[in-house]
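S.K.: Got a sequence here, can you build the structure:
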Amino acid sequence: MVPATLGPARKVAYSKGMSPAMAARWAFVCALITSFGLGSASAERRPVAVVNLDLSDASAAKALADKLVGALFVHPDLSSLANPTDAAALKDPIEDPDRVALAVARDNLLRAEEELVAFNYGQAESYAEDGVRALLSVTPSAARQLSADLMFVRGQAFLFDGNRNEGLVHFALSARLDPNRTLDPARHLPSVVATFAAAKSTPGAPGSITVNGTGRVWIDGIEVGQAPGGFAVAEGRHLVWLAGADRNVRGERALVVANNPTSVTIPDAPISQARLVQRARIALARSADATARSAAMTNLAKLVGVGDAVLLHVSGDKVVVQTWHTGSDIVPLGFSSLREHTTEKPDAILEALAPPKPTEKIDPPDPVKPIVVKKWYQKRPYQLGIAAGVVAAIAGIYFVSQIGPDGSQSWGGPIGVEDPLTVRK
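M.R.: Purely as a prediction, here's the structure:
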């Protein structure tokens, strides 16, 4: 409480501030100026993709890629990708999307073989079926051999369980998935060897299958065309997959009956943007030739929205650096030459893509005046000195001429006084 004798409290000079309304107006103006400045700077910076073509879990290329992305965050002319997920997909290790499903299928194959040896044929059939189901979400080329092994075990289980027809059907599918499979009579029962040989050598009656969906169609591990579409196949059991660069793999099992059209419908399974970028990166890393590499790079650049990229890969124990640009008056079109990275700083690597620094204008020097060497008597001080001496000599002669015989001077006397010499004459 303020004592009454002191009067009401008031602000002194150092405690006074601007009014709340004025403070709000100034804050708005500062924020507007700041956002405008940052927006202008960001708009002028070109995004650059840093692509690690080494697909291993960890490498020196990954470490250098991290440094380059960090340098792009503060670069005055270049920037990292606007989408951090895209930037990570281009440089971080790629997890194999088939890994889990393949592990499940292998585990089921092992269990099916164990149950087969233990004469538990029904359980062996079930494990083999679960393994095949897991492989319907795996890249067909990666799933083909394991599918053949599972179908072979399942065929044996049906055969031993007294169902020879199902044994033949599954052996035939196993043979289509793995045409090079041969059976060693020393390892397999004669009934298995004979039934498998019959299934492999007997062509099935012609049939057809219509695949509804979108993507590339794979039947029994072989790519056959584009969906939707119809395809000629032999009667019997088949595995059908739909795959593609812009979708996840999905598959179905189909039983085709001769002269009876069969159809399967496989739903779409779109993939994430990050996975699309990873697939484009894998395609670039595995390009077979220069033409394929150029097409893969163009596709990747379009996908992440850039016109500039730094490519890194490992050769031996060295990191190799290469840049790519869509072409301009400053940076040439296409890939640069390969160069080994040693101690080069990230900013030095990025200089190949950055615009040239403006050169400082230097005014031409003043023209050099010729130096004229004068003789001593041509120099001004000497000339003035000589002139002053001549004047002094003339003045001295004149003064001496004005002195009379008696030593008196005739100049400066009073006016009207006669010259003494003149009077004596």
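S.K.: Can you spell out the domain ranges of the protein, please?
M.R.: Residue ranges for the structural domains of the chain, counted by automatic domain parsing, are given in the record as 45-81+272-356, 96-202, 203-270.
S.K.: mind putting those domains in CSV, mean neighbour count and distance to G389 included?
M.R.: No exception for glycine: its C-beta is placed from N, CA and C like everyone else's. Supplementary listing: the domains of the chain in CSV, determined by neighbours: other CB atoms under 10 Å; distance: least, CB to CB, whole Å:
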stretch, mean neighbour count, distance to G389
domain 45-81+272-356, 17, 68
domain 96-202, 18, 109
domain 203-270, 17, 106
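S.K.: Can I get those in JSON lines including distance to L384 and mean pLDDT?
M.R.: Listed next are those as JSON lines, based on distance: least, CB to CB, whole Å; pLDDT from 0 to 100:
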{"stretch": "domain 45-81+272-356", "distance to L384": "59", "mean pLDDT": "89"}
{"stretch": "domain 96-202", "distance to L384": "100", "mean pLDDT": "95"}
{"stretch": "domain 203-270", "distance to L384": "97", "mean pLDDT": "94"}
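S.K.: Can you list the residue ranges for strands in the stretch 51-200 of the chain?
M.R.: 78-79 (DSSP state E, counting those that start in this stretch).
S.K.: what are the ranges of the helices in it?
M.R.: Shown for the stretch 51-200 of the chain, the helices assigned by DSSP state H, counting those that start in this stretch span residues 60-73, 84-91, 99-117, 121-135, 140-160, 164-177, 190-201.
S.K.: The strand or helix carrying Q278 - contacts with which helices or strands?
M.R.: For Q278, the host element (DSSP states H and E) is helix 273-285. With contacts taken as 3 or more CB pairs under 8 Å, 6 or more residues apart in numbering; DSSP states H and E, helix 273-285 sits against strand 46-52, helix 84-91, helix 290-304.
S.K.: angle of it against strand 46-52?
M.R.: 70 degrees (axes from the mean of the first three to the mean of the last three CA atoms, to 10 degrees).
S.K.: Quick one: closest of the helices and strands packed on helix 273-285 to P364.
M.R.: When the helices and strands packed on helix 273-285 are ranked by proximity to P364, the top entry is strand 46-52, at 35.1 Å, counting by CB to CB.
S.K.: picking that back up, tabulate the domains of the chain in CSV, adding columns for distance to A388.
M.R.: Conversion of the domains of the chain to CSV gives the following (distance: least, CB to CB, whole Å):
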stretch, distance to A388
domain 45-81+272-356, 65
domain 96-202, 106
domain 203-270, 103
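S.K.: so which of the ones you listed gets nearest I386?
M.R.: Ranking the domains of the chain by their distance to I386 (criterion: CB to CB) puts domain 45-81+272-356 first, at 63.9 Å.
S.K.: and that closest one, how far out from the chain's middle?
M.R.: How far domain 45-81+272-356 lies from its chain's middle: 5 Å, per CA atoms, centre = their mean, to the nearest Å.
S.K.: try stretch 184-201
M.R.: Going by CA atoms, centre = their mean, the spacing between the C-alpha centre of stretch 184-201 and its chain's C-alpha centre is 54 Å.
S.K.: And for stretch 182-190?
M.R.: Using CA atoms, centre = their mean, the distance between the centre of stretch 182-190 and that of its chain works out at 54 Å.
S.K.: For the residue nearest in space to the middle of the chain, list the residues it contacts.
M.R.: The residue at the geometric middle of the chain, judged as the C-alpha nearest the mean C-alpha position with CA atoms, centre = their mean, is A49 (1.9 Å). Contact partners of A49, counting by CB atoms under 8 Å, 6 or more residues apart in numbering, are 81, 86-87, 90, 300-301, 304, 306, 308-310.
S.K.: Which helix or strand contains the residue nearest to it when sequence neighbours are not counted?
M.R.: Spatial nearest neighbour of A49, chain neighbours left out: A309 (4.2 Å); criterion: CB to CB, 6 or more residues apart in numbering. Per DSSP H and E, A309 falls inside strand 308-315.
S.K.: what is the orientation angle of that strand with helix 290-304?
M.R.: Angle, strand 308-315 to helix 290-304, by the same axes, to 10 degrees: 130 degrees.
S.K.: got the contact list for the helix or strand following strand 308-315?
M.R.: On the C-terminal side of strand 308-315, the closest following helix or strand by DSSP H and E is strand 318-325. Taking CB under 8 Å, 6+ apart as the criterion, the residues outside strand 318-325 that touch it are 60-61, 64, 297, 301, 307-314, 331-341, 344, 349, 352-353.
S.K.: Which one, of the helices and strands packed on helix 273-285, ends up nearest to F171?
M.R.: If we rank these by CB to CB, the stretch that ends up nearest is helix 290-304, at 38.7 Å.
S.K.: report the angle between the axes of that closest one and helix 84-91?
M.R.: Using the same axes, to 10 degrees, helix 290-304 lies at 160 degrees relative to helix 84-91.
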